[in-house]
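Chemist: From the sequence below, what's the structure:
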Amino acid sequence: MRIQRTAAGVLALLALSACGTETGAGAGSGSGSGSGAVRTDLPVTGVRWDVGSVTADGKRTAAPSGAHVEIDSKGRGTGNYGCNHFTADVRIDGGTINVGQGTSTSMACEKDVQRFEAALSRTFSGELTMAVAERTLTLTAENGDSIALRAQPPVPLTGTTWTVTTLVSGTVASSLPAGAQEKARIVFGKDGSVQGTLGCNSFRGTAKVSGSTITFGRIDGTKMMCPAPRMKLERELLAVLDGRTTYRIDQRTLSLTAANGKGLGASATEATG
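Modeler: Coordinates of the predicted model:
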C-alpha cells in the first residue's frame, strides 16, 4: 500500500457535505441561491459517483472505465482511480474541503491510466469547492483545475450484462489484449446459471452465489478458433471462472478473484431483465 493525498476520497466526502447542507437549503428554497448552500435532490450516500474527466492546466482528460467514488453512511470515502483502489478522509469547512492523507493500492497499471491517476492526485489537493446540479458533481481547485462526476444507480449481480474490462494476476492489473476489448461479457441468472462470451466463444454453465462467493460449475462453450488476442483472453477468463471465487460489486463495477490469484474487473453495460 502507498500513502498519498487522494482527491477521489475527497469527492465522496464532499458529496456528504452536500447532504449536510440540504436541510438548511431546503428551508430557504424560495429565497434564491445567494446563501451559497449547495443543494441536491440526490441521496449522496450509497450512490456511485463515476469520474467523467479531469481538467488540469487547461487540458481535459477522460477518466478510465471504472474510476469512481462512493461514500458510506459514516462518511468514509472509497473508490477506484481507474486501476487502483483508495480510501481517504477530508476536513469539510462550509462550502470548501481540505484533502487529508489517504491510502491506495499500488498495482501496476497501463501507462495511460497511470498518467490519469497522477493527474487526479495532483489536482485534488489542498482546498476544493464543489457544485451539484441534478446528477452531476463538479469539484474545483483554487487554480481552476477541476473534476467532473456523475451519479449512477447501483446494479445487481444477476440480470446485468457485465463487460470485462480488466485482467488481474495477483497485484497486477492490465487491460485486455489488443483487439479483444469489449469482446467478453458475462450474465448471471437468478436461476444459478451463467452465460455470455469469453472473447471468442459463447459459453454457458452454473454459478452458485453464497454471500461474497460464487462457485462456478462446469463451463460448456462453442469451439470456434479466433484471432490470437481473443483466444488469449478466453484462456485467461476460463482460469477465473473455475471453482470458488470471491466477488465484489462497487455500484456498477464487478470484481472476481479466483483462489489462484487470477481475477477480472467488469463494468455493467445493460440490464437483461
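Chemist: Any stretches of the stretch 51-200 of the chain with poor pLDDT?
Modeler: Along the stretch 51-200 of the chain, the model assigns pLDDT under 70 to residues 71-76, 90-100.
Chemist: Which parts of it are strands?
Modeler: Assigned by DSSP state E, counting those that start in this stretch, the strands in the stretch 51-200 of the chain fall at 59-62, 68-71, 77-80, 85-93, 96-104, 127-133, 136-141, 146-152, 160-169, 172-175, 184-188, 193-198.
Chemist: Packed most tightly, which of those would that be?
Modeler: Of the strands of the stretch 51-200 of the chain, the one with the most neighbours on average (mean count of other CB atoms under 10 Å) is strand 68-71, at a mean of 26. For the C-beta atoms, the positions are set from N, CA and C on the backbone; glycine is no exception.
Chemist: Give me the sheet partners of that strand and which way each runs.
Modeler: strand 48-56 (antiparallel), strand 77-80 (antiparallel) (DSSP bridges).
Chemist: got the angle between the longest one and strand 136-141?
Modeler: Orientation check (axes from the mean of the first three to the mean of the last three CA atoms, to 10 degrees): strand 48-56 against strand 136-141 gives 40 degrees.
Chemist: Please state the offset of strand 48-56 from the chain centre?
Modeler: From the chain centre to the centre of strand 48-56 is a distance of 11 Å (CA atoms, centre = their mean, to the nearest Å).
Chemist: cool, the last one as well?
Modeler: Taking the mean C-alpha point of strand 77-80 and that of its whole chain, the gap between them comes to 8 Å (CA atoms, centre = their mean).
Chemist: how many neighbours does Ser53 have?
Modeler: A count of neighbours around Ser53, defined by other CB atoms under 10 Å, yields 14.
Chemist: need the contact list for it.
Modeler: 60-63, 147-148 (CB atoms under 8 Å, 6 or more residues apart in numbering).
Chemist: Brilliant, that's me finished.
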